[in-house]
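**Student:** need the 3D shape of this:
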Amino acid sequence: MFYRDLFAFDADIQVAHLDSAAGSVSVERLALATDLTAGSLTFVKNAKFLKTLDESLGTAPQPQAGAVFDRKLWEGLTPEVQLSFQKRLGVIATGTNVPLSMTRLSRPLFVQKFGELQSTVDGRQLGTTEIHPSALIAQGVFIGEHVKIGAGVIIHPGVTIAPRVEIGENTTIYANVAIYSFTNIGKNVRVHANTTLGSDGFGYVFDKGVHHKIWHTGGVVIHDDVEIGANCSVDMGTFTPTIIGTGTRIDNQVQIAHNAKIGRGCILCGQSGLAGSAVLEDYVVLGGRAAIGPDAHIGKGTQVAGAAMVNEGAVWPAGSVLGGHPARDLKEWMRTFAWVRKNALKS
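**Tutor:** The predicted structure is shown next:
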């Protein structure tokens with residue numbers, strides 16, 4: 001659909017600028033400000049997002065992409081700043097409640113991407129799958145249309161593979177795993193029983209007593225040589241993929257939320273969890289039941305003790321050793337705990 005067609009799903013949207021070249025471009029997806037391409041749309045709800053968009057467009061103008069600005073924010077910009085954005089974006093719209101507009105506009109794009117997928121007839125019957133002759137597929141496996149399965153793959157009974165999934169060579173998928181559409185699994189991966197890959201992220205906007213759903217379309221990317229334990233959940237990204245890096249090892253009952261980015265060689269012990277948009281750089285270790293809050297960024301080689309809780313938006317440098325709640329340097333936390341215990345005993 002075109003930009004004007006998409007905006008028709010939200011009566012609050014007003015178009016402030018529509019370049020003729022962009023107006024004829026089909027809108028394919030919602031995007032982060034740092035990930036705009038032709039036919040994508042981002043959202044600017046405050047000064048922080050405005051700065052990010054300005055910096056991104058400074059090096060890469062996107063004349064066939066669009067943005068929805070908070071109306072007061074847009075009207076508060078000087079004419080010079082407005083013109084600057086109009087020169088670098090093909091489409092500019094405004095709304096009074098940008099988060100709510102995101103929920104309204106995400107649904108038609110979700111339907112556009114997922115609505116025509118055939119999810120009830122096996123792709124082998126439709127003749128649309130690509131399965132290498134050496135792959136071993138057990139009885140009782142559903143394989144959706146346009147699925148690609150590489151050489152040496154083993155699929156155990158009860159697995160459900162939705163349309164548009166790719167599985168690399170020598171990967172093993174154990175019993176009753178559910179793999180949602182637009183999940184891409186690399187080579188030599190092992191996914192254990194009852195794990196779910198690519199389910200909807202937990203994203204809602206609360207307005208006037210209702211939790212409005214943000215419809216996720218970002219998918220999941222699992223790189224080579226990853227092992228994921230039993231009963232884990234890896235949510236699809238909102239606009240961009242949730243990513244698990246090469247060589248990472250994930251224990252049982254681990255939750256990885258939408259947009260999370262996990263680097264190479266990480267270790268996630270049982271019942272640990274990442275909230276939305278959390279980032280683990282390479283070789284991070286999470287102890288059992290460790291929790292990483294939304295938008296937190298954990299530097300390379302950091303170790304997070306079991307049951308520690310890293311707060312939302314926290315940034316920790318490479319090589320940190322963390323513990324406690326809120327998580328802080330482990331030695332500091334242990335000294336604090338010892339002081340509290342000592343003084344509690346005195347009283």
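**Student:** could you use CA atoms for every contact and neighbour count after this?
**Tutor:** Noted.
**Student:** mind checking which helix or strand of the chain has the lowest mean pLDDT?
**Tutor:** helix 330-346 (a mean of 79; mean pLDDT, DSSP states H and E).
**Student:** what are the contacting residues of that helix?
**Tutor:** 305, 321-324, 327 (C-alpha atoms under 8 Å, 6 or more residues apart in numbering).
**Student:** repeat for stretch 162-172
**Tutor:** 117-119, 123, 142-156, 179-191.
**Student:** pLDDT weak spots in the protein?
**Tutor:** For the chain, residues meeting the criterion pLDDT under 70 lie at 345-347.
**Student:** according to the record, where do the domains of it fall?
**Tutor:** 3-114, 180-334 (automatic domain parsing).
**Student:** please identify the most buried of the ones you listed.
**Tutor:** Burial of the domains of the chain is given as mean neighbour count (mean count of other C-alpha atoms under 10 Å); domain 180-334 ranks first at a mean of 22.
**Student:** show me how far it is from its chain's centre.
**Tutor:** Distance of domain 180-334 from its chain centroid, counting by C-alpha atoms, centre = their mean, to the nearest Å, is 10 Å.
**Student:** what about it, start to end distance?
**Tutor:** By C-alpha to C-alpha, to the nearest Å, the extent of domain 180-334 from end to end equals 43 Å.
**Student:** picking that back up, may I see the buried residues of the least confident helix or strand of the chain?
**Tutor:** By 16 or more other C-alpha atoms under 10 Å, the buried positions in helix 330-346 come out as 330, 333.
**Student:** quick one: distance of it to the chain centre.
**Tutor:** 38 Å.
**Student:** swap in stretch 70-80?
**Tutor:** 30 Å.
**Student:** and the contacts of that stretch?
**Tutor:** Contacts for stretch 70-80 (C-alpha under 8 Å, 6+ apart): 44-47, 82, 94-98.
**Student:** now the residues you listed in TSV, with distance to H258 and secondary structure?
**Tutor:** Compiled in TSV, the contacts of stretch 70-80 are given as follows (distance: C-alpha to C-alpha, whole Å; DSSP: H, G, I helix; E, B strand; the rest coil):
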residue	distance to H258	secondary structure
V44	20	strand
K45	20	coil
N46	22	coil
A47	24	helix
Q82	32	helix
T94	26	strand
G95	25	strand
T96	26	coil
N97	22	coil
V98	20	helix
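**Student:** show me the two of these that sit farthest apart.
**Tutor:** Pairwise distances across those (C-alpha to C-alpha) peak at 19.5 Å, for the pair Q82 and N97.
**Student:** save the contacts of helix 330-346 as a markdown table, and put in distance to K261 and secondary structure too.
**Tutor:** Compiled in a markdown table, those are given as follows (distance: C-alpha to C-alpha, whole Å; three-state DSSP):
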| residue | distance to K261 | secondary structure |
| --- | --- | --- |
| A305 | 20 | coil |
| V321 | 20 | strand |
| L322 | 19 | strand |
| G323 | 21 | strand |
| G324 | 23 | coil |
| A327 | 20 | coil |
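**Student:** how about those in TSV, adding distance to G270?
**Tutor:** Below are the contacts of helix 330-346 laid out as TSV (distance: C-alpha to C-alpha, whole Å):
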residue	distance to G270
A305	12
V321	19
L322	17
G323	16
G324	17
A327	18
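**Student:** closest one to P63 out of the residues you listed, please.
**Tutor:** Once C-alpha to C-alpha is applied, the member of the contacts of helix 330-346 that ends up nearest P63 is A327, at 43.3 Å.
**Student:** distance-wise, check the closest one relative to A16.
**Tutor:** Taking C-alpha to C-alpha, one finds A327 at 45 Å from A16.
**Student:** quick revisit: closest one of the contacts of stretch 70-80 to A31?
**Tutor:** V44 (11.1 Å).
**Student:** contacts only, for that closest one.
**Tutor:** Contacts of V44 by C-alpha under 8 Å, 6+ apart are 50, 53, 67-70, 98.
**Student:** among these, name the ones in strands.
**Tutor:** 67-70 (DSSP state E).
**Student:** switch those over to CSV; also include distance to I214.
**Tutor:** Converted to CSV, the ones in strands among the contacts of V44 look like this (distance: C-alpha to C-alpha, whole Å):
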residue, distance to I214
A67, 17
V68, 16
F69, 18
D70, 18
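**Student:** start to end distance for stretch 114-133?
**Tutor:** 28 Å.
**Student:** show me how far that stretch is from its chain's centre.
**Tutor:** Distance, centroid of stretch 114-133 to centroid of chain: 25 Å (C-alpha atoms, centre = their mean).
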